[in-house]
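J.: Test case, fold it:
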Amino acid sequence: MKNKLTKIGVSALCGSLAAVASAQAGSMSVSGSAQATWMKGSQTTNGNPIGMNSGLTFTGTGELDNGTAVTYTLTHADQAAYSAGSIALATPSLGTITIGHATGGLGIGGYDDKMPTAWEETWGNGVGTSVNLQKGVGSSSAIQWASPSMMGMTLKIAYAPRNAGSVANDKATVTTDSRFGRGVDVVLDMAPIEGMNLWVGGSDTADQGTQYATDGLQNRNDHQEATAGFTYAIGPATIGFAKAYEVTGNQAVAEVDYYVNTMYGISFNVSDNLSVSANRFDAEKHVHQGFSPEMRIDSLQAAYTMGGATLKYARTEVENAGYSLGASKQKDANVFALSLAF
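T.: Numbers count the residues shown, from 1 in each chain. Next comes the predicted model:
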């Protein structure tokens, strides 16, 4: 079965590259994971607490005649649902060109929350937060060029012809009644000293005026986002801080004017097997001539690895979930997990 899968993968990959350049023999590999969880939380429907997810990632690799390395990645998320795909062309000297199918990692989408954690992002532990993240073109089909690293610096430029969070199959387009037009992201990723990663990036998405607007406003501003932050590893500890902004371009009363997210994190490797972390995520939502309370998310996490298996725990508390007040918006949860990699 393995040999058949490899042959099928190589044939498909080589056929896709025929229009670009001939490819040398490649290979297709499969990796996967499975995770079982037990969750108990307040202000949630506490039914059967046992959950499970599984995923597969197919990775095809090859090389063109000019030395360009080709990588194709296809991700099947929980229950084999299609999640994302990408084709990356890593040239010998001109950088890497990536065609992404809603991977979430292109442009500033790869920097929406890079804080160090033992397990998941602060907001990703089963407690419904409805937090708004700054992703630029990362949620749409997009193309990115990443420069070769020079003195620890990499420049990334990503472009989506229609940044409406949509994807399409080959030889097809997606028609979305959205005000959003082309989107452009620019990110500078730096490693100024050993152990430090520093980044700054911005995104601009054009507004298409009243063609798709439902409120009749003709002079909306472009949708703009920005992010800046760092992580620094010293010995067994890693610290991080980042701030992200989003200006929606909305002008009507009661519409969201802008968002501000502030992230903090610290992780510590107690041993080769045990890691712990503490994180905070402050999320602000500013409504034009209105009010929304600040949301705060705190998470304590631990992970213990035993070969291909990992035991994980997260205690997460949320104030004003969904940028709303009320007793039901004050949430907490304890999540235990067993993760297996294969």
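
J.: Not counting sequence-adjacent ones, nearest residue to the residue nearest the centre of the chain?
T.: Nearest to the geometric centre of the chain sits Gly104, at 4.3 Å (Cα atoms, centre = their mean). Nearest residue to Gly104 in three dimensions, chain neighbours excluded: Gly138, at 4.8 Å (Cβ to Cβ, 6 or more residues apart in numbering). Quick note: C-beta positions are derived from backbone N, CA and C, even for glycine.

J.: Mind listing what's buried along stretch 86-101?
T.: Buried positions in stretch 86-101, judged by neighbour count with 16 or more other Cβ atoms under 10 Å: 86-90, 95-96, 98-101.

J.: quick revisit: quick check: the residue nearest to Gly104 vs His101, distance?
T.: Counting by Cβ to Cβ, to the nearest Å, the gap from Gly138 to His101 is 11 Å.

J.: sorry, back to before: closest one to Val256 out of the buried residues of stretch 86-101, please.
T.: Val256 lies nearest to Gly100 out of the buried residues of stretch 86-101, by Cβ to Cβ, at 26.6 Å.

J.: In a strand, that closest one, correct?
T.: Yes - the assignment for Gly100 (DSSP: H, G, I helix; E, B strand; the rest coil) places it in a strand.

J.: So it is in contact with Leu74, correct?
T.: No - under the contact definition of Cβ atoms under 8 Å, Gly100 does not touch Leu74, with a separation of 11.9 Å.

J.: For these two, list the residues in contact with both.
T.: 84-85 (Cβ atoms under 8 Å, 6 or more residues apart in numbering).

J.: His244: what secondary structure?
T.: Careful, residue 244 is Ala and not His. Going by three-state DSSP: Ala244 is strand.

J.: Just to check, it is in contact with Gln224?
T.: No - with contact defined as Cβ under 8 Å, Ala244 and Gln224 do not form a contacting pair (11.6 Å).

J.: the more surrounded of the two?
T.: Counted by other Cβ atoms under 10 Å, Ala244 and Gln224 do not tie: Ala244 has more neighbours, with 24 against 17.

J.: For stretch 90-97, C-alpha coordinates in CSV please.
T.: The C-alpha coordinates for stretch 90-97 follow below in CSV (Å, rounded to 0.1, in the frame of the first residue of the first chain):
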residue,chain,number,x,y,z
ALA,A,90,12.0,27.2,-3.0
THR,A,91,14.5,28.6,-5.6
PRO,A,92,18.2,28.4,-5.1
SER,A,93,18.7,32.2,-4.9
LEU,A,94,15.5,34.1,-5.4
GLY,A,95,13.5,33.0,-2.3
THR,A,96,10.4,30.9,-1.9
ILE,A,97,7.1,31.3,-3.7
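
J.: And the average pLDDT for stretch 223-240 is what?
T.: Averaged across stretch 223-240, the pLDDT comes to 97.

J.: How about stretch 264-283?
T.: Taken as a whole, stretch 264-283 has an average pLDDT of 97.

J.: Return the set of buried residues in it.
T.: So stretch 264-283, judged by 16+ other Cβ under 10 Å, has buried residues 264-268, 275-279, 281-283.

J.: and if you look at stretch 307-322?
T.: 310, 312-314, 316, 318-322.

J.: Please apply the same query to stretch 245-265.
T.: So for stretch 245-265, counting by 16+ other Cβ under 10 Å, buried means 245-250, 255-259, 261-265.

J.: and the two most separated of these?
T.: Glu255 and Gly265 (31.4 Å).

J.: Please, where are all the strands along the stretch 51-200 of the chain?
T.: Counting by DSSP state E, counting those that start in this stretch, the stretch 51-200 of the chain has strands at residues 69-76, 82-90, 96-101, 141-146, 153-160, 180-190, 196-207.

J.: Out of those strands, which is closest to Gly41?
T.: strand 82-90 (25.1 Å).

J.: Now do the same for that closest one: mean pLDDT, whole number.
T.: Strand 82-90 shows a mean pLDDT of 85.

J.: who touches it?
T.: Against strand 82-90 from outside (Cβ under 8 Å, 6+ apart): 16, 20, 55, 64, 68-77, 96-105.

J.: For the residues you listed, which ChimeraX command selects only the ones that are buried?
T.: To isolate the buried ones among the contacts of strand 82-90 in ChimeraX, judged by 16+ other Cβ under 10 Å, type:
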select :16,55,64,68,70,71,72,73,74,75,76,96,98,99,100,101,102,103,105
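
J.: pull the helix or strand with minimum mean pLDDT from the chain.
T.: Counting by mean pLDDT, DSSP states H and E, the chain has its least confident helix or strand at helix 2-17, which shows a mean of 38.
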